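Undergrad: fold the following.
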Amino acid sequence: LLVSSMVGKDRIIFATKEDHETPSSAELVADDPDDPYEEQGLILPNGDINWNCPCLGGMASGPCGEQFKSAFSCFHYSTEEIKGSDCVDQFRAMQECMQKYPDLYPQEDENDEKSSKDLEAASMEASAAKEEEGSS
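TA: Next up, the predicted model:
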C-alpha cells in the first residue's frame, strides 16, 4: 500500500517492504544531447548567459532572482573601461533585496562585496574559457 500526501511543495510517499521487493518499472530517460543548457557552463556558445548553470547556485531564481539577473547581465555585457562600473545601481538593488532575506542570502562579515566579486570572477573565467575555445 502506497500512501502519498502533499506537504508544501514536497511529496511524501510511504512504501511497504513488499513495495521494495517488486522490481522497479521506472524508465530512465537518456540525456538530450541537443539540450542547449546541458554542460554548457556559464556562457552559452552564442554569448548569452546560461541562467540554468549550476555554477550560479540558484541565484537566478528566488526572491532576488530578477535583481541578480539584472546586475549580472549588466556586468557581463558592460563595455566600460572598468568592467561593470556602469552597474552600481543594479548591484545595489540586488544587495538591498538580499538583505531582506538573510536566511537565503547569508551576508559575509569580512567582505560585503563578496557576491559582486564572485560574479566578476565567474565572468572573467567564462571570458577566458571562451577566448581559449576561440584560439584552438
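Undergrad: go ahead and confirm Cys74 touches Arg92.
TA: No: using CB atoms under 8 Å, Cys74 is not in contact with Arg92; the gap is 11.5 Å. Bear in mind the C-beta positions are built from the backbone N, C-alpha and C, glycine included.
Undergrad: more neighbours: the two, which one.
TA: Neighbour tally, Cys74 and Arg92, criterion other CB atoms under 10 Å: the higher count belongs to Cys74, 17 against 13.
Undergrad: so the more buried one sits in a helix?
TA: Yes: when DSSP: H, G, I helix; E, B strand; the rest coil is applied, Cys74 is found to be in a helix.
Undergrad: with adjacent residues omitted, what lies nearest to it?
TA: Spatial nearest neighbour of Cys74, excluding adjacent residues (CB to CB, 6 or more residues apart in numbering): Cys87 at 3.8 Å.
Undergrad: give me the distance between the one you found and Pro106.
TA: 23 Å (CB to CB, to the nearest Å).
Undergrad: now do the contacts for the residue nearest to Cys74.
TA: Contact analysis of Cys87 by CB atoms under 8 Å, 6 or more residues apart in numbering lists 71, 74-75, 78.
Undergrad: and the residues you listed, which of them are buried?
TA: Neighbour-count burial (16 or more other CB atoms under 10 Å) applied to these gives 71, 74-75.
Undergrad: what is the nearest of the residues you listed to Leu42?
TA: Of all the buried ones among the contacts of Cys87, Leu42 sits closest to Phe75, with 11.9 Å by CB to CB.
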